[in-house]
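In: Quick one, structure for this:
(one chain, ligands or ions: 2)
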Amino acid sequence: MNAASLFRERYGTEPTGLWAAPGRVNLIGEHTDYNEGFVLPFALPQRTVAAVGPAPAGEWTVCSTLEEGTISFGATTPGEVTSWAAYVAGVVWALQDAGFEAPGARIALASEVPVGSGLSSSAALESSVLTALIDLGGLDLAIERRPALAQRAENVYVGAPTGIMDQSASIRCLAGRALFLDCRSYEVKQIPFDLAAEGLAILVINSNAPHQHVDGEYGARRKSCEEAAHILGVPALRDVPPDGLAAALDKLDDEVMRRRVRHVVTEDQRVLDTVALLEQGRVRAIGPLLTASHASMRDDFEITVPQVDVAVEAALSAGAYGARMTGGGFGGCVLALIDADRADVTTEAVEQAYGKSGFTAPTCWIATPGAGAARL
Ligand code: ADP
Ligand code: MG
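Out: Ligands and ions are numbered 1, 2, ... in the order given. Here you go, the predicted model:
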């Protein structure tokens, strides 16, 4: 069911309008965001659509195609709304906390973004609701400020310690572009990423691997990076330059911490190298950087699982220019840069490899870089 139909069904009236915000895949730059480094996501064509209509001031009601019934709340503080609706209550709270008058609203949500697959359905939800409330309330909130506000909803209200990438991608991406984001300054640059013109495509392979221990492992990686930065006497690992890596590693006794640092420092450089190649129009040439990123996540950051390693290997064996896991890790999706006419062959190769390994079948599709949050 789409968002407008859900709105009519649950609220018995027409919505004022529809707002959509996309999920994203990160082309390269994993676990670099909270190290104040670089990321390069692009928006998916799959979006979360919010059908929204007015409600009395200070009253919000939400529903979703994925959930029964409706949930209503007034002005709340973090912790008061605890179900999935916390993502919406968090956006309302973050707006109010920043001094904006969030308009009362009835909201119906329908997501085309697979939930919990590392494609950021959470940011798509937050960004669609945030954009709707800003438009309906006539709020003067510059686009540059919006991602941090949506991030606060997720970090502080929902309590998920994520970086700024997901919300930035969902709000600021443009069709046919990848978003180069400096996670320290929040400066962005739109990078040409017209795959079709080059006869190329990005195949996304959802590993469908069960997510396990994700929160704990994420927290452990983050802590390790922060401790390393502290020992090295820098504000964040972003401040360790590639030619200072060897010296930095010499200062660290812990072998695990050394590997974590090596991933972050080399990954930042791979993002910069990818951006440089794309700006020169050399899209195929980014393949080895993608594959090197995967090896770094597998061996140094240790966030991959057999399902994603097998998908990467199978895609490369089928002729992909490069392939890597995308997203926080421990499952989720792999992306492969392939010739556009090799999508079926690559998909079959991955499916066969999964069959041989006894894994649950993957889901594969082509991702074209889509647009950021907007009113439809
Ligand atoms: P991801 O962002 O990778 O999809 P998260 O765990 O960050 O995974 O966010 C998924 C959560 O976001 C869901 O468990 C649910 O609480 C919420 N969510 C996302 N989209 C919807 C939706 N359309 N309807 C209801 N809840 C949603
Ligand atoms: Mg998320």
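In: Skip the chain neighbours and tell me the closest residue to whichever residue of the stretch 251-376 of the chain sits closest to ligand 1.
Out: Closest residue of the stretch 251-376 of the chain to ligand 1, Cβ to the nearest ligand atom: Gly327 (6.8 Å). To be clear about C-beta, it is placed using only N, CA and C from the backbone, and glycine gets the same treatment. Once flanking residues are discounted, Gly327 sits nearest to Gly118: 3.0 Å by Cβ to Cβ, 6 or more residues apart in numbering.
In: Same check on Leu136?
Out: Using Cβ to Cβ, 6+ apart and skipping the chain neighbours, the partner closest in space to Leu136 is Pro103 (5.0 Å).
In: Give the helix, strand or coil label for the residue nearest to Gly327.
Out: What DSSP: H, G, I helix; E, B strand; the rest coil gives for Gly118 is coil.
In: Can you name the element that comes right after the helix or strand hosting Ala20?
Out: Element membership of Ala20 [criterion: DSSP states H and E] is strand 17-26. The helix or strand immediately downstream of strand 17-26 is strand 38-39, counting by DSSP H and E.
In: May I have the strands that pair with that following strand, each with its orientation?
Out: Looking at strand 38-39 with DSSP bridges, its partner strands are strand 177-182 (antiparallel).
In: Tell me which residue in the stretch 51-200 of the chain sits closest to ligand 2.
Out: Of all residues in the stretch 51-200 of the chain, the one sitting closest to ligand 2 is Ser122 (3.3 Å; Cβ to the ion).
In: Hmm, that residue is touching Ala160, no?
Out: Yes: counting by Cβ atoms under 8 Å, Ala160 is a contact partner of Ser122 at 7.3 Å.
In: what about the residue of the stretch 51-200 of the chain closest to ligand 2, how many residues close to it?
Out: Ser122: 26 surrounding residues under other Cβ atoms under 10 Å.
In: how would you label it: helix, strand or coil?
Out: helix.
In: so what's Gly329 up against?
Out: By Cβ atoms under 8 Å, 6 or more residues apart in numbering, the contact set of Gly329 is 30-31, 214, 217-218, 297, 301, 303-305.
In: Let's have those residues in a markdown table, adding neighbour count.
Out: What follows is the contacts of Gly329, written out as a markdown table (neighbours: other Cβ atoms under 10 Å):
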| residue | neighbour count |
| --- | --- |
| Glu30 | 25 |
| His31 | 24 |
| Val214 | 17 |
| Glu217 | 15 |
| Tyr218 | 19 |
| Met297 | 23 |
| Phe301 | 22 |
| Ile303 | 23 |
| Thr304 | 25 |
| Val305 | 19 |
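In: Out of these, which two sit at the greatest distance?
Out: His31 and Val305 (15.4 Å; Cβ to Cβ).
In: What segments of the stretch 51-200 of the chain are helices?
Out: Taking DSSP state H, counting those that start in this stretch, the helices of the stretch 51-200 of the chain run over residues 86-97, 121-137, 146-152, 165-172.
In: Same list, these, but as CSV with distance to Asp194 and mean pLDDT please.
Out: What follows is those, written out as CSV (distance: least, Cβ to Cβ, whole Å; pLDDT from 0 to 100):
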stretch, distance to Asp194, mean pLDDT
helix 86-97, 33, 98
helix 121-137, 23, 98
helix 146-152, 24, 97
helix 165-172, 18, 97
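In: Select, out of those, the one closest to ligand 1.
Out: Comparing the helices of the stretch 51-200 of the chain against ligand 1 with Cβ to the nearest ligand atom, the closest turns out to be helix 121-137 (3.4 Å).
In: name the helices or strands packed onto that closest one?
Out: In terms of contacts (3 or more Cβ pairs under 8 Å, 6 or more residues apart in numbering; DSSP states H and E), helix 121-137 is packed against strand 17-26, strand 41-54, helix 86-97, strand 105-111, helix 146-152, helix 165-172, strand 374-375.
In: just for the stretch 201-350 of the chain, where's the confidence low?
Out: Low-confidence segments of the stretch 201-350 of the chain (pLDDT under 70): 213.
In: hmm, who's touching stretch 234-253?
Out: If you take Cβ under 8 Å, 6+ apart as the criterion, stretch 234-253 is touched by 32, 35-38, 183-184, 225, 228-229, 231-232, 258, 261-262, 264-266, 268-269.
In: Distance of Val265 relative to Leu66?
Out: As for Val265, its distance to Leu66 is 39 Å (criterion: Cβ to Cβ, to the nearest Å).
In: tell me the domain ranges of the chain?
Out: If you go by automatic domain parsing, the domain ranges for the chain are 3-192, 196-367.
In: How about the first one and ligand 1, any contact?
Out: Yes: part of domain 3-192 sits close enough to ligand 1 to count as contact by Cβ under 6 Å from any ligand atom, namely 48, 64, 66-67, 84, 87, 109, 111, 115-122, 125.
In: Please pick the buried ones from those residues.
Out: Buried members of the residues of domain 3-192 next to ligand 1, counted by 16 or more other Cβ atoms under 10 Å: 48, 64, 84, 87, 109, 111, 115, 117-122, 125.
In: longest helix in the chain, by residue count?
Out: Criterion DSSP state H: the longest helix present in the chain is helix 255-279.
In: Where does the prediction get shaky in the stretch 1-150 of the chain?
Out: Within the stretch 1-150 of the chain, no stretch has pLDDT under 70.
In: ok, which residues in it are in contact with ligand 2?
Out: Selection of the stretch 1-150 of the chain residues close to ligand 2 by Cβ under 5 Å from the ion yields 120, 122.
In: The same query, at a cut-off of 8 Å, please.
Out: For the stretch 1-150 of the chain, the residues in contact with ligand 2 (Cβ under 8 Å from the ion) are 116, 118, 120-123.
In: looking at the helices of the stretch 51-200 of the chain, which is buried most?
Out: helix 165-172 (a mean of 29; mean count of other Cβ atoms under 10 Å).
In: Give me the angle between it and strand 177-182.
Out: Relative orientation of helix 165-172 with respect to strand 177-182: 130 degrees, computed using axes from the mean of the first three to the mean of the last three Cα atoms, to 10 degrees.
In: I'm done for today, thanks for sticking with me.
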